[in-house]
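S.K.: attaching a predicted model along with its sequence, questions to come.
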Amino acid sequence: MRGHPVHPALVHFPVALLLSATIADLAVLAGLSQNTHIAAILMAGGLVGGLLAMGAGMVDLIRLDRKLVGHATMHMTVVALAWAGYAVALYLRKDALTGWPPVAAPSFAISIVSAIILSAGGWLGGRLVYTFGANVEPARSTPTA
């Protein structure tokens with residue numbers, strides 16, 4: 001969008017929603033809540049937002065310096081694995097989208113593992129930008145609108 005990568009602007013929402021879903025799961029597991037509906041809704045929103053962020057990431061990949069494509073591919077693979085894990089976790093608890101039914105242990109486990117994988121993918125994405133300067137243009141001496 002006007003020379004700026006879109007992916008970094010979109011990625012915060014699905015990451016926050018998906019990690020919040022895992023936190024909601026941990027609250028249920030710790031006995032702090034019985035509401036399984038919250039995590040399911042957060043996962044659904046995070047998965048939809050993740051599709052938008054992944055699409056924008058593919059567009060931004062076109063502008064990426066060829067030397068960084070291997071790093072970007074690792075980032076994409078790890079995040080896609082986390083996204084797929086959350087999709088499976090949501091499928092296993094699909095009834096929780098409309099109510100508060102009990103959620104089976106495998107769905108909780110997949111959610112927790114997916115959160116760890118997503119965090120690693122986020123770290124790899126941050127490394128692309130903050131260590132390697134992916135799609136970062138040098139600052140101009142005079143700010144422009």
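M.R.: All right, it came through fine. Predicted model only: the values in this text are computed from it and were never measured.
S.K.: helices along this protein, start to end?
M.R.: All helices of the chain, identified by DSSP state H, fall at 7-29, 37-62, 69-92, 105-130.
S.K.: can you read off the pLDDT for residue 54?
M.R.: According to the prediction, residue 54 has pLDDT 96.
S.K.: from residue 100, how far out is it?
M.R.: Going from residue 54 to residue 100 by CB to CB, to the nearest Å gives 30 Å. (Glycine included, C-beta is placed from N, CA and C.)
S.K.: compare those two (neighbour count), which wins?
M.R.: Using other CB atoms under 10 Å, the more surrounded residue of residue 54 and residue 100 is residue 54, with 18 against 15.
S.K.: separation between the closest residue to residue 101 other than its chain neighbours and residue 66?
M.R.: In this structure, residue 101 finds its nearest non-sequential neighbour in residue 95, 4.9 Å apart by CB to CB, 6 or more residues apart in numbering. Look at residue 95 and residue 66: by CB to CB, they are 47 Å apart.
S.K.: state the pLDDT value of the residue positioned nearest the centre of the chain.
M.R.: The residue lying closest to the centre of the chain (CA atoms, centre = their mean) is residue 15, at 3.7 Å. According to the prediction, residue 15 has pLDDT 98.
S.K.: repeat for residue 138
M.R.: Reported pLDDT for residue 138: 65.
S.K.: kindly report the same for residue 50.
M.R.: 97.
S.K.: of all the helices of the chain, which lies closest to residue 136?
M.R.: Closest to residue 136 of the helices of the chain, according to CB to CB: helix 105-130, at 6.5 Å.
S.K.: tell me which residues in that closest one are buried?
M.R.: If you call a residue buried by 16 or more other CB atoms under 10 Å, then helix 105-130 has these buried ones: 107-108, 110-115, 117-118, 120-122, 124-125, 128.
S.K.: just name the closest of those residues to residue 24, please.
M.R.: Nearest to residue 24 out of the buried residues of helix 105-130 is residue 111 (CB to CB; 9.0 Å).
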